[in-house]
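Trainee: The sequence and its predicted three-dimensional model are supplied below.
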Amino acid sequence: MNETAKPALEEKDFPRAGLLRRMAALLYDIFLVVAIWFLLGYLVQFFLGTENNQVINSQIETDPFIDNLLLLLMISSCIFFYGWFWMKSGQTLGMLAWGLRVESTSGTLISFKQVLIRWCTAWPAFFIFGVGYFWIYIDNKGDAFHDKASRSKVVVIPKSERPF
């Protein structure tokens, strides 16, 4: 066991999460992430002003610097959102609601390196027709592609083990 790894909340071997439960938790989390993105967009407009936007031929065009800044803020805030929750408790708010937890294959909380690998492989796995997620049905343990790539797993926590 890695000496710097933090133990997960429970040392039990829980069953792997299925696709529908993962997607439901992801939907909950998307609402939270989009709310963060709205706040970031508002703050960028508040501090940098709206004079960088122009309407040309009935289309809004923004300064490329502002576009790139917003993209960078969106990506970094999304990584921070998932990284914070996964490294602190193994659960985002959506995962908490659906009784899921992400942990390393050894049962510890995942590291920042695992967060980055997991996040960077989960998005392509989702947007390439969900092939990386459908890997759950092929894998003998029920892991998705990004679970394998990051050496992590998503488990279902029984109701008796949940905090509320």
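Mentor: All right, it came through fine.
Trainee: helices and strands around the longest helix along the chain, which ones?
Mentor: Taking DSSP state H as the criterion, the chain has its longest helix at helix 19-48. Using 3 or more C-beta pairs under 8 Å, 6 or more residues apart in numbering; DSSP states H and E, the elements in contact with helix 19-48 are helix 64-88, helix 93-97, strand 100-104, helix 131-134. Where C-beta positions appear, they are placed from N, C-alpha and C, glycine not excepted.
Trainee: okay if I get these as CSV plus distance to Leu19?
Mentor: Output for the helices and strands packed on helix 19-48, formatted as CSV (distance: least, C-beta to C-beta, whole Å):
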stretch, distance to Leu19
helix 64-88, 18
helix 93-97, 14
strand 100-104, 12
helix 131-134, 6
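Trainee: which one of these is the most hemmed in?
Mentor: Looking across these with neighbours counted as mean count of other C-beta atoms under 10 Å, the highest average goes to strand 100-104: a mean of 23.
Trainee: Check which helices and strands that one is in contact with.
Mentor: Helices and strands touching strand 100-104, by 3+ C-beta pairs under 8 Å, 6+ apart, are helix 19-48, strand 152-156.
Trainee: Just put the helices and strands packed on helix 19-48 in TSV and tack on mean pLDDT.
Mentor: As requested, these are exported to TSV (pLDDT from 0 to 100):
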stretch	mean pLDDT
helix 64-88	95
helix 93-97	94
strand 100-104	95
helix 131-134	91
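Trainee: Quick one: closest of the ones you listed to His146.
Mentor: Comparison of the helices and strands packed on helix 19-48 against His146 by C-beta to C-beta identifies helix 131-134 as nearest, at 6.0 Å.
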